[in-house]
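K.L.:
Below are the sequence and a predicted model for it; my questions follow.
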Amino acid sequence: MNHLAPFVTEVDFATGALSAPGYVLQRRLSDMASMYADSAESARILAEEGDRLIYEVQGVELPVEEGQIPHCTTRISPGRIGAEYHMTKGHYHARREQGEVYFGLSGRGCLVMQTEAGETSVQTMVAGSAAYVPPFWAHRTVNIGDEDFVFFSVWEARAGHDYGTIERDGFRKLVVRRDGQPTVVDNPRYR
Ligand code: M6P
Ligand code: ZN
């Protein structure tokens, strides 16, 4: 096991910027166009408006081994693809028995979760919300506000990201704008 020296990272709550990020990852519409329910609208935006930035992740780089605790920020820009709010890809942990903690830094979002057994949960997060993603729950975050939604995440290094299951099946629940309000609806395309 690596013996690391302690360190502190300064976090900008409004932007999620880290003072010394180990990595910065950007997801644009083209990286996830087919994940939105209105794929025709994804294609139209890509053709007419360009490849908009949906979210950015900034994290510390740690060895993937037992006992290391990676942490990062995620900033989701405001906006929608059709009725569906900007969101992360979402994932199960490759090691399903690993959980995660999210802490809201700014803006307003939803944390959409589900299990492979068919349970679903959609929680609202604002600045100051500490949200627990238990083991076995897939998780996706959605920006339901008019400004950036920024949150901090902490997990166990060996959890791993399983994107393939969500890419194949999607989430059971979508968060869309209906009558001007964020509304949770069933995903007509689920599996
Ligand atoms: C959170 C954490 C990260 C994750 C990020 C973006 O900050 O869960 O591990 O990478 O959200 O979500 P995704 O990986 O699903 O695109
Ligand atoms: Zn996770």
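P.N.:
Ah, there it is. Ligands and ions are numbered 1, 2, ... in the order given.

K.L.:
pLDDT weak spots in this protein?
P.N.:
Within the chain, the set of residues satisfying pLDDT under 70 is empty.

K.L.:
which bits of the chain sit near ligand 1?
P.N.:
57, 72, 74, 88, 89, 90, 91, 100, 153, 161 (CB under 6 Å from any ligand atom). All C-beta atoms are positioned from the backbone trio N, CA, C, and that covers glycine.

K.L.:
just the buried members of those?
P.N.:
Neighbour-count burial (16 or more other CB atoms under 10 Å) applied to the residues of the chain next to ligand 1 gives 57, 72, 74, 88, 90, 91, 100, 153.

K.L.:
Of these, just say which sits nearest to residue 137.
P.N.:
residue 100 (8.8 Å; CB to CB).

K.L.:
Quick check: the closest one touching residue 154?
P.N.:
Yes. Using CB atoms under 8 Å, residue 100 makes contact with residue 154 at a distance of 6.9 Å.

K.L.:
Just put the residues of the chain next to ligand 1 in JSON lines and tack on secondary structure.
P.N.:
As requested, the residues of the chain next to ligand 1 are exported to JSON lines (DSSP: H, G, I helix; E, B strand; the rest coil):
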{"residue": "57", "secondary structure": "strand"}
{"residue": "72", "secondary structure": "strand"}
{"residue": "74", "secondary structure": "strand"}
{"residue": "88", "secondary structure": "coil"}
{"residue": "89", "secondary structure": "coil"}
{"residue": "90", "secondary structure": "coil"}
{"residue": "91", "secondary structure": "strand"}
{"residue": "100", "secondary structure": "strand"}
{"residue": "153", "secondary structure": "strand"}
{"residue": "161", "secondary structure": "strand"}
